[in-house]
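Participant: any chance you could fold what I've pasted below:
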Amino acid sequence: MNIVIIGAGNIGMLMAADFAHNAQNTVTLISAHPKTDSTHLRVFNPDDSISFEVDVAAITPDYDVISKADAVFITHPTFMLKQTAQRILPFVHPGLWIGVVPGAMGEFYFQEHIALGARLVGLQRVHAVARLAETPNSVYALGRKPELFVAALPARYTFEAKKLCEYLFEMPVVTLPTYLIETLTPSNPILHTSRLFSMFKSWEPGMTYPENFLFYEGWTDDASQTLIAADAEVQTLCRKIESQSDLNLSGVRSLKDHYESPTVEAMTAKISHIPAFAGLSSPMKESDGGWIPDFSSRYFVADFAYGMKTIIDIARLMDVPTPTIDQMWEWYVSTAQPEQIIADLPTNQTDFIELYQD
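Facilitator: Residues are numbered from 1 along each chain as shown. Sure, this is the predicted structure:
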């Protein structure tokens, strides 16, 4: 199978290596700035031992390789999806699989591609926790998920999407009943934003912090309280959409269920002790001898201005109040003053629901 991976970051590098590990595949990795001429990739275990090494066909900045691909997987953050979608459009051909990892908001950017005969497959979450190593073309696989959850558009290709992902990722795959589940999954847009709001809601220009906080290991009850309240608002939104359509959103699992943590205290204990997240710092930068929030980080740009804003816009469309999410959003806008905010959703309920039909 001829596969193209767009994005040589953490998950893109690992996907390229994983797919190329199957000798039946030809894998090309698209990177805006390849760090070496070598096409040799290495995957490390958490203990620094080498899991495996493999060669890809090419590492290139050129998108025209997509014209001969069977599948292209995009690992860019959500705030780059619109630009990436337009970049690949000239190379789309009937039958091409376009994978979005994670799949949230893919339905808003790839309608032209679907009209040309492409098929969209989205992963609800990444298949593994990955971190680039200091050595070029090397990546750590820090924890692989036991199974994948995927959805497809047009919806009639869902079974084919399942078989594709089972082949490529070599792991069990569960199909989701609708692609909207991916966009409403409250992982980063609620998980990350709750922690960021809790950490920085009192920050003002001129303030500095003495250190860069550990993002997960320093998780607090205040962050958990915000997370649980915002998560409940997403669940209310899902029930409202189900009541006004034939969409099944049961796959949008509450974070309380996902983390098996029904209380504030249990949530804090759980998130702060996840081994794969150990040592991860916060999106901060040095300034005047201290540390301040880095509002250019994808934690802010992708998770607030795209992930959270999408949930808010859908909630407005469905007339569902989201006071906790609104409070975080209003803080973000007033403090970060973002230049880039998603503005690509349908403006009425009928058009919105039709996006997810066969």
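
Participant: tell me, how many residues neighbour A32?
Facilitator: Per other CB atoms under 10 Å, the neighbour tally for A32 reads 9. Backbone N, C-alpha and C define where each C-beta goes, glycine included.

Participant: okay, now the domains of the protein?
Facilitator: 2-176, 183-354 (automatic domain parsing).

Participant: turn those into a markdown table, including mean pLDDT.
Facilitator: A markdown table is the format used below for the domains of the chain (pLDDT from 0 to 100):
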| stretch | mean pLDDT |
| --- | --- |
| domain 2-176 | 96 |
| domain 183-354 | 94 |
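
Participant: quick one, phi psi at the most centrally placed residue in the chain?
Facilitator: What sits nearest the mean C-alpha location of the chain, by CA atoms, centre = their mean, is P102, with 3.7 Å. Per-residue torsions, P102: phi -70, psi 170 (degrees, to the nearest 10).

Participant: buried sites along the longest helix seen in the chain?
Facilitator: Looking across the chain with DSSP state H, the single longest helix is helix 221-243. By neighbour count on 16 or more other CB atoms under 10 Å, the buried set for helix 221-243 is 222-235, 237-238, 240-241.

Participant: on that earlier part again, pretty sure the residue nearest to the centre of the chain sits against Y179.
Facilitator: No: using CB atoms under 8 Å, P102 is not in contact with Y179, being 11.8 Å away.

Participant: who touches both of those two?
Facilitator: When contacts are counted by CB atoms under 8 Å, 6 or more residues apart in numbering, P102 and Y179 have G122 as shared neighbours.

Participant: all the helices of the stretch 151-300 of the chain, residue numbers only.
Facilitator: 158-169, 180-184, 193-200, 221-243, 255-258, 264-271, 298-301 (DSSP state H, counting those that start in this stretch).

Participant: which parts of the fifth one are buried?
Facilitator: Right, helix 255-258. L255, K256.

Participant: oh, and call the first residue 544 from now on, that's how I've got it
Facilitator: All set: I'll call the first residue 544, so the last point we hit is now helix 798-801.

Participant: the helices of the stretch 694-843 of the chain: which one's closest to R630?
Facilitator: helix 841-844 (18.4 Å; CB to CB).

Participant: next helix or strand past the closest one?
Facilitator: The helix or strand immediately downstream of helix 841-844 is helix 852-860, counting by DSSP states H and E.

Participant: where's the residue nearest to the centre of the chain relative to D862, distance?
Facilitator: 27 Å (CB to CB, to the nearest Å).

Participant: looking at the helices of the stretch 694-843 of the chain, which is nearest to T603?
Facilitator: Across the helices of the stretch 694-843 of the chain, closest to T603 is helix 701-712 (CB to CB), at 20.3 Å.

Participant: now what about the closest one, what contacts it?
Facilitator: 544, 546, 561-562, 565, 568, 614, 640, 662, 664, 666, 670, 691, 693-695, 715-719.

Participant: any idea how far it is from the chain center?
Facilitator: 19 Å (CA atoms, centre = their mean, to the nearest Å).

Participant: give the buried residues for that helix.
Facilitator: T701, A704, K705, L707, C708, L711, F712.

Participant: out of those residues, who's nearest D894?
Facilitator: T701 (21.6 Å).

Participant: and the helix or strand hosting I641, which strands flank it?
Facilitator: Under the criterion of DSSP H and E, I641 resides in strand 640-643. With DSSP bridges as the test, strand 640-643 is paired with strand 614-617 (parallel), strand 662-666 (parallel).
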